[in-house]
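Enquirer: Below: sequence and its predicted model.
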Amino acid sequence: MKPEFQIISNFIEKNTRVLDVGCGDGILMEFLKKNKEIDIRGIEISKNNAQKCVGKGLSVIEGNAEKDLTQFPDSSFDFVILSQTLQAFLDPETVIKELLRIGKKAIVTVPNFGFWKVRLHLLIKGTMPITKNLPDEWYNTPNLHMCTIKDFYNFCHDRNIKLDKALALHDEKTSSINEINLNVKNLSAELGIFLIGK
Amino acid sequence: MNKNVEIKNLLVKKQLKLDCGQTIQDFPLAYETYGVLNEKKDNAILVFHALTGDQFVSGINPITKKDGWWSYAVGSGKAIDTDKFFVICANVIGGCLGSFGPSNIDPKTKKIYGTNFPVITINDMVNAQFNLLDFFEIKKLFAVMGGSMGGMQVLQFVSNFPDKARIAIPIACTSNHSAQNIAFNELGRQSIMADANWVSGDYSNQNKNPEKGLSVARMAAHITYLSKNGLQEKFGRKLQERDNLKFSFDADFQIESYLRYQGSVFVDRFDANSYLYITRAMDYFDLVKEYNGNLSKAFEKTKTKFLIISFTSDWLYPTSENKEIVIALNAIGADVSFVEIETDKGHDSFLLNVPDFLNTLKDYINSSYLQNSL
């Protein structure tokens, strides 16, 4: 199991309502359903994945998070999860706003473009970085708005979005991110995991 | 119609107050079942049929001798597996396959009702079928499902009986008929009424049958069940058993011949007045208005789990209308899933062999049943 899933699971309290935005084939939903007593829903843009989820009996609607989150009332979920999807949106800023409108808390995970291997790839090879978390070529990547841990940290800070928790993940090890170690974590971590609130 | 075929009939003794104000009682409700009701009685699925459907969902229809209308989906090992589930389907009231309808004899006049039959609604159809739960002593259905008008009945059922089904699957339907839907139905009705043999609906008493009118109604409706691409791919401008145009009004094109055939076989199995009554019921269906403009209110009391399914090429009940139901359910935090199936088979997709649709349906039903019995 992805260590990311375990961290997300630790963030979520029992008997809560959870929405997984961009739930893929439902693997995180299944994991959380098994480990937590929660009421979990999903939204997924790919027809194939949405059908897979529904086939597993998961409550998933096929839809585009950039348009279809509007149908959920304010604070209708305790937690809204956005796992490694933020960078694929046309308008990530609006999506974050929506997450914080429909969820009391949001859990956002960000593949870190500031990770040293990514930086080195660009520096040495001079081509767009391809890594475990960023496996696509520049011309077919779904990622439109790559950012770094530091970018997202500053993004939240500038908009007065509360960072309840900020964790850096590297080699299955997690550590806290704070103002002081931000530059270090931005270099050493592959993934940033943030619990944010209004 | 072959009157020698034995049709299962429930005589409903309970009074039923219709939306039009009349009350009916001691009326027949024709039904069919498939599979076995288990001891816990928790494996029953009530399937609702569409406009021209009937209770013969699967196997060979004893009247038409053709496959049941949902044979692709219902049967042993199929999406709705009759080895596991007990499937019930009833002919809607207003219909013509054994349930109380306009071709029945009016006890008052001793003549066939015709247009003296009360106007019925989707709500009336659903309330009539609810009697089947008492009859089979089923406390709670595992599922209610249906496509098109069957989907409307699913929505009405859950709204009327919020605690009587674990899951609900409305397919390719709407919460209220659009102007376009009403327009097409009116076209069909006017076609029937324009036939001199309709004689104001009294044709059966006069040994007549408005076959031409009913057949044209069916032809027009049939076009709305298909997609432009589907039609083009299947027929294009292909000619019917000829090399050249005949410069006449014969069926030169295959599509003409196909539609004529669809019309002609339909009149053998369907009653023109039933067509009027059932299309009227569809037009009157408006669950949004019933709940004062707020569809969510229709489902406020229910814990039923929903799966809504639409089809990309369905322009009669397009995805946008199906999505309105999803949105209404999400607005109240109801348990809802939704998929739009990619296909060029149009509205009829739910009746056809569309693997993505049938597989999703099958897996959802089976996994939901397991979840429920845990």
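Expert: Everything's here; your move. Numbering: from 1, shown residues only, chains lettered A, B, ... in the order given.
Enquirer: Quick one: the strands in chain A, in order.
Expert: A:17-21, A:39-44, A:59-62, A:77-83, A:103-111, A:162-170, A:173-176, A:191-197 (DSSP state E).
Enquirer: In CSV: those strands, plus mean neighbour count, mean pLDDT and distance to chain B.
Expert: From N, CA and C alone the C-beta is placed, and that goes for glycine too. Listed next are the strands of chain A as CSV, based on neighbours: other Cβ atoms under 10 Å in any protein chain shown; pLDDT from 0 to 100; distance: least, Cβ to the nearest Cβ, whole Å:
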stretch, mean neighbour count, mean pLDDT, distance to chain B
strand A:17-21, 25, 98, 7
strand A:39-44, 24, 98, 8
strand A:59-62, 26, 98, 4
strand A:77-83, 24, 98, 9
strand A:103-111, 24, 97, 13
strand A:162-170, 17, 96, 24
strand A:173-176, 13, 95, 32
strand A:191-197, 22, 97, 20
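Enquirer: and residue B:203, how many neighbours does it have?
Expert: A count of neighbours around residue B:203, defined by other Cβ atoms under 10 Å in any protein chain shown, yields 23.
Enquirer: quick one: it and residue B:271 touch, right?
Expert: No - between residue B:203 and residue B:271 there is no contact under Cβ atoms under 8 Å: 9.5 Å.
Enquirer: now for the strands of chain A, which one comes closest to residue B:321?
Expert: Between residue B:321 and the strands of chain A, the tightest spacing by Cβ to Cβ is seen for strand A:59-62, at 15.3 Å.
Enquirer: Can you tell me what sits against the closest one?
Expert: Strand A:59-62 is contacted from outside by A:23, A:26, A:29, A:40-45, A:47, A:50-51, A:53-54, A:68, B:305, B:326, B:330, B:335-340, using Cβ atoms under 8 Å, 6 or more residues apart in numbering or on different chains.
Enquirer: Tell me which of the residues you listed fall in helices.
Expert: Judged by DSSP state H, helices contain the following of the contacts of strand A:59-62: A:29, A:47, A:50, A:51, A:53, A:54, A:68, B:326, B:330.
Enquirer: show me where the stretch 51-200 of chain B has strands.
Expert: B:74-75, B:80-81, B:86-90, B:105-106, B:111-112, B:141-147, B:165-171 (DSSP state E, counting those that start in this stretch).
Enquirer: What parts of chain B come near chain A?
Expert: Proximity of chain B to chain A is confined to B:305, B:307, B:326-327, B:330-331, B:333, B:335-342, B:356, B:359-360, B:362-364, B:367-368, B:370-371 under the rule Cβ under 8 Å from any Cβ of the partner chain.
Enquirer: Which ChimeraX command selects the buried ones in those residues?
Expert: To isolate the buried ones among these in ChimeraX, judged by 16 or more other Cβ atoms under 10 Å in any protein chain shown, type:
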select /B:305,307,326,327,330,331,335,336,337,338,339,340,341,356,360,362,363,364,368
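Enquirer: what pairs with the residue of the stretch 101-250 of chain B found nearest chain A across the strands?
Expert: Using Cβ to the nearest Cβ, the single residue of the stretch 101-250 of chain B nearest to chain A is residue B:167, 9.4 Å away. Beta-bridge partners of residue B:167, counted by DSSP bridges, are residue B:143, residue B:305.
Enquirer: can you tell me which residues contact it?
Expert: Contacts of residue B:167 (Cβ under 8 Å, 6+ apart): B:142, B:143, B:144, B:304, B:305, B:306, B:307, B:365, B:368, B:372.
Enquirer: What sits closest to the third one if chain neighbours are left out?
Expert: Just to be clear, that refers to residue B:144. Distances taken as Cβ to Cβ, 6 or more residues apart in numbering or on different chains put residue B:165 closest to residue B:144, at 4.5 Å, once the chain neighbours are dropped.
Enquirer: From chain B, how far out is the residue of chain A most remote from its centre?
Expert: Most distant residue from the mean C-alpha position of chain A: residue A:124, 28.8 Å away (Cα atoms, centre = their mean). Separation of residue A:124 from chain B (Cβ to the nearest Cβ, to the nearest Å) stands at 43 Å.
Enquirer: what bits of chain A have low per-residue confidence?
Expert: In the predicted model, chain A carries pLDDT under 70 at residues A:1.
Enquirer: what does it put close to chain B?
Expert: A:17, A:41, A:47, A:50-51, A:53-63, A:71-73, A:76.
Enquirer: can you rerun that using 6 Å?
Expert: A:50-51, A:54-57, A:59-62, A:71-72, A:76 (Cβ under 6 Å from any Cβ of the partner chain).
Enquirer: tell me the contacts of the residue sitting nearest the centre point of chain B?
Expert: Nearest to the mean C-alpha position of chain B, by Cα atoms, centre = their mean, lies residue B:50 at 1.0 Å. By Cβ atoms under 6 Å, 6 or more residues apart in numbering or on different chains, residue B:50 lies in contact with B:147, B:148, B:149, B:150.
Enquirer: Let me have the residues you listed in TSV, extended by pLDDT.
Expert: Listed next are the contacts of residue B:50 as TSV, based on pLDDT from 0 to 100:
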residue	pLDDT
B:147	98
B:148	98
B:149	98
B:150	98
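Enquirer: and these, which two are the farthest apart?
Expert: Between any two of these, the greatest separation by Cβ to Cβ is 8.2 Å, found for B:147 and B:149.
Enquirer: Going by how many neighbours each has, rank the two and give me the top one.
Expert: Taking other Cβ under 10 Å, residue B:147 and residue B:149 do not tie; residue B:147 has more neighbours (31 against 26).
Enquirer: The more buried one touches residue B:170, doesn't it?
Expert: No - counting by Cβ atoms under 6 Å, residue B:147 does not reach residue B:170; the two are 8.1 Å apart.
Enquirer: Enumerate every residue touching the most centrally placed residue in chain A.
Expert: Of all residues in chain A, the one closest to the mean position by Cα atoms, centre = their mean is residue A:83, 2.6 Å from it. With contact set as Cβ under 6 Å, 6+ apart, residue A:83 has these partners: residue A:109.
Enquirer: Please repeat the previous calculation with a cut-off of 7 Å.
Expert: A:4, A:8, A:28, A:109 (Cβ atoms under 7 Å, 6 or more residues apart in numbering or on different chains).
Enquirer: count of residues packed around residue A:34?
Expert: Burial of residue A:34 is recorded as 8 neighbouring residues (other Cβ under 10 Å).
Enquirer: Outline the domain layout of chain B.
Expert: Domains of chain B are assigned by automatic domain parsing as B:8-178+B:289-373, B:182-279.
Enquirer: Pick the most buried one from those domains.
Expert: When the domains of chain B are scored by mean count of other Cβ atoms under 10 Å in any protein chain shown, the highest mean neighbour count falls to domain B:8-178+B:289-373 (a mean of 20).
Enquirer: Would you mind writing the CA trace of stretch B:5-14 as PDB?
Expert: Only the C-alpha atoms of stretch B:5-14 are listed here, as PDB (Å, rounded to 0.1, in the frame of the first residue of the first chain):
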ATOM      1  CA  VAL B   5     -51.500 -17.800 -23.200                       C
ATOM      2  CA  GLU B   6     -51.700 -18.100 -19.400                       C
ATOM      3  CA  ILE B   7     -50.800 -14.800 -17.800                       C
ATOM      4  CA  LYS B   8     -50.100 -14.600 -14.100                       C
ATOM      5  CA  ASN B   9     -52.500 -12.200 -12.500                       C
ATOM      6  CA  LEU B  10     -52.900 -10.600  -9.100                       C
ATOM      7  CA  LEU B  11     -56.400  -9.300  -8.500                       C
ATOM      8  CA  VAL B  12     -55.800  -6.200  -6.400                       C
ATOM      9  CA  LYS B  13     -58.600  -6.000  -3.900                       C
ATOM     10  CA  LYS B  14     -57.300  -2.900  -2.200                       C
END
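Enquirer: any residues touching that stretch, and which ones?
Expert: B:25-32, B:62-63, B:97-98, B:128, B:131-132, B:135.
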